[in-house]
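Asker: Have a look; sequence and predicted model below, questions after that.
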Amino acid sequence: MPKADRPSGAGAHRSGGGSPRETRDEAVARLEGDLEKLRALLREHMIQREAVEEELRASGEQYRLLAESMEDMVSLHADDGAILYISPSSSKLTGIAPHEYLNGDSFGFIHPEDRALAAVGLEAVLRGESPTLEMRALCGDGSHRWVEMRPRLVPAEGRAPRRILCVTRDIEQRHWAEEALRRSEDRYRALFLRAAHGIYRTTPDGTIIDVNPALVRMLGYDEAEELLGANVGTTAYRDPADQASVLARLAAGELRDWAEVRWRMKDGTPISVRLAMHAVRDDDGALEGYEVIAEDVTERRRRDELLRRSERMASLGTTLAGVAHELNNPLAAIGGFAQLMLRETTASDEDRAALQTIHHESNRAAKIVRDLLTFARREEGQQRERIDLNDVIGYLMATQRYAMETRGIERELKLAPNLPAVFAERTQIEQVALNLLVNARQALEVMIDAPAEIGSGPRQRTPRIGIRTWTEGRRVMLEISDNGPGIPAELQSRIWDPFFTTKAEGEGTGLGLAMVHGIVTGYDGTIEVDSEVGSGTRFIVSLPADTRVAPSIETEVRGNTTPPREQAARALDVLVVDDEPGIRRVLTRYFSSRGHAVVSARDGAEAVKLARQSTFDVVICDLRLPGMDGYEVVSRIRSLPAGVRTRCIIMSGGGPATVEALRNDTVMVSAVIEKPYDIEELRRAVEG
């Protein structure tokens, strides 16, 4: 075969990529050059790889050093929870060495009660989330510690599996501090909710942001939500200016104790409240609001006022008792001389009219004195009995019916059946009820007689008196109310004061309610008034029920029930004993005019001396004498041989209670005459 037609190997090679004119040697040389370049590149790559690997080794050592030097425990986990690495700090944290953790299950080192939380956390990490978990890690000694775990997912590179890197921190102390704080807050909240006093918090402008149940009840609301967001100044204070005043005192440092303010309930009922306030400030000193404790002292103030009133009345009563006694003596002389002079037929009509006026006015003054003595609580020693309050009310309503019906006053009675009895003196209980009933009637009469206003006004109401009885525990309650004009608030504290009256001059002495108060408190009772101008007045009396067994009905003999036998008129030897010259003169003049021989003595010692020297048929002796009292004088005279048959009459200005007590002594005392006396009554006692 010719040479040109035979295939050439070299030509075939050149046709694979070399120059058509490239020879075999040139191709070999070129390939060797390319190979050398490849070797150079490979050497450079190896150098770079070694540098990277070195850098990675150095970085890994740094990370390992960092992990092993941290107080927090660092661990690496497979995505199924197996532990691949754990830092040496595990020994300090849990007391378990790192090698004891390796290839173990992460859940096995977690408190059983927290493993469900750990499983939820693992699922969150595998979803790419980064949760923070608080749970209890088991320790080598069987105990547990609270730890905070922050697991993070390490993404896979190439065929490398996913890993979970977790940093675990000891929070045992923090957990218990937080738990103690939580318990403290729970206790504070429980105290806040169960406190007997009202507690609330406000913003600086007074908006309520927190309130406890006690304050809700105190203000008469149903839910705390009704108060939240409301302004305490306009919601609770009767006068919002009071709130501003209290806050100003607090800001000025003047409020170091409780402040008493006037509040009102939801329905408008006024209450008295004591406040303890604290200003809450932030770290910079800016005012954040107020924390306030509120105590309802309405009932306490009412009791204090009752106690002060009782003490004031008791002190005043003692004074008035002495005044009344001293008034009785001159009144007895005035009345006695007036009666003597009226008996003289020679007096002109004008003089007799003047004497009758003197006698009338002395009797009027004597009634005031008796009222003073009643007010002064001189009722000790009177005979008490079991009294049905309903029966007393029924009797008084019958006596007042005509007066009420003629003025168009309606009556409303609600008397409780089977009402317990009260143990008292009937006339005094009648006096209490009658005074209150008459006051109510007179108040309505004022309303009835007032000019009617067009379209409105109290005159448009039908006048009505209500009387109600009921029991509260061991107390018998009486309420007498009217829908009259009412009592102004500024006068309500004065209505119990003696001689205070709003009636026109000459229409009242101002002793009625003072006597009522004295009688009620004397029986360990209470009396309260509730009145509002234009709406009426309500008096509530509380008396202790008589819990004793009712006595059987029997005849009771008190004193000498045998009436004195009338005797023929005869001259008597009479001894008059009184420290008041006026009374000695009037009695001496009167009984001398009756034909009796009258001797007078100014005190007990002189009377006893005269009784030793002479015999007297009758001794008229004042009870209250200087040195020795009248009862002792009578006792000494009766002890004398000549005094056995002497009739002894005692005169007393001490009031009905004292008179009743003396009348029970039928051995020493023949008769008791109350000053100022009626001259005819005294005559019958002496000559009887």
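Answerer: All right, it came through fine.

Asker: For residue 622, which non-adjacent residue is spatially closest?
Answerer: residue 578 (4.3 Å; C-beta to C-beta, 6 or more residues apart in numbering). For every residue, glycine as well, the C-beta is placed using N, CA and C.

Asker: list the contacts for the one you found?
Answerer: By C-beta atoms under 8 Å, 6 or more residues apart in numbering, the contact list for residue 578 reads 329, 584, 587, 600, 602, 620, 621, 622, 625, 651.

Asker: Tell me the one of the residues you listed nearest residue 482?
Answerer: Nearest to residue 482 among the contacts of residue 578, counting by C-beta to C-beta, is residue 329 at 40.6 Å.

Asker: ok, that closest one - how many residues close by?
Answerer: 21 (other C-beta atoms under 10 Å).

Asker: Ok, residue 238 next?
Answerer: So residue 238, with other C-beta under 10 Å, has 13 neighbours.

Asker: same deal with residue 169?
Answerer: That count, for residue 169 with other C-beta under 10 Å as the rule, works out to 17.

Asker: Does it fall in a helix, a strand, or a coil region?
Answerer: What DSSP: H, G, I helix; E, B strand; the rest coil gives for residue 169 is strand.

Asker: Show me where the stretch 501-650 of the chain has its helices.
Answerer: 512-522, 581-593, 604-613, 630-639 (DSSP state H, counting those that start in this stretch).

Asker: Let me see the ranges of the strands in the stretch 301-450 of the chain.
Answerer: 385-387, 410-414, 422-424 (DSSP state E, counting those that start in this stretch).

Asker: of those, which approaches residue 77 most closely?
Answerer: By C-beta to C-beta (comparing all of the strands of the stretch 301-450 of the chain), the closest turns out to be strand 410-414, at 84.5 Å.

Asker: partners of that closest one in the sheet?
Answerer: Sheet partners assigned to strand 410-414 using DSSP bridges are listed as strand 464-472 (parallel).

Asker: ok, residues contacting the next helix or strand after the strand it pairs with?
Answerer: Using DSSP states H and E, the next helix or strand after strand 464-472 towards the C-terminus is strand 475-482. Outside strand 475-482, the residues that touch it by C-beta under 8 Å, 6+ apart are 389, 393, 419-422, 433, 436-437, 440-441, 443-444, 463-471, 536-545.

Asker: Apply 7 Å and report the result again.
Answerer: Residues from elsewhere that reach strand 475-482, judged by C-beta atoms under 7 Å, 6 or more residues apart in numbering: 389, 419-420, 422, 433, 436-437, 440, 443-444, 464-471, 536-545.

Asker: follow-up on the earlier one: pLDDT added to the contacts of residue 578, as a markdown table?
Answerer: Shown next, in a markdown table, are the contacts of residue 578 (pLDDT from 0 to 100):
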| residue | pLDDT |
| --- | --- |
| 329 | 73 |
| 584 | 87 |
| 587 | 88 |
| 600 | 90 |
| 602 | 90 |
| 620 | 93 |
| 621 | 92 |
| 622 | 90 |
| 625 | 88 |
| 651 | 87 |
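
Asker: now, which of these sits nearest residue 413?
Answerer: Using C-beta to C-beta, these come closest to residue 413 at residue 651, 43.5 Å.

Asker: burial of that closest one, as a residue count?
Answerer: Neighbours around residue 651, by other C-beta under 10 Å: 28.

Asker: Please name whichever of the strands of the stretch 301-450 of the chain is nearest to residue 78.
Answerer: That would be strand 410-414 among those, by C-beta to C-beta, at 88.1 Å.
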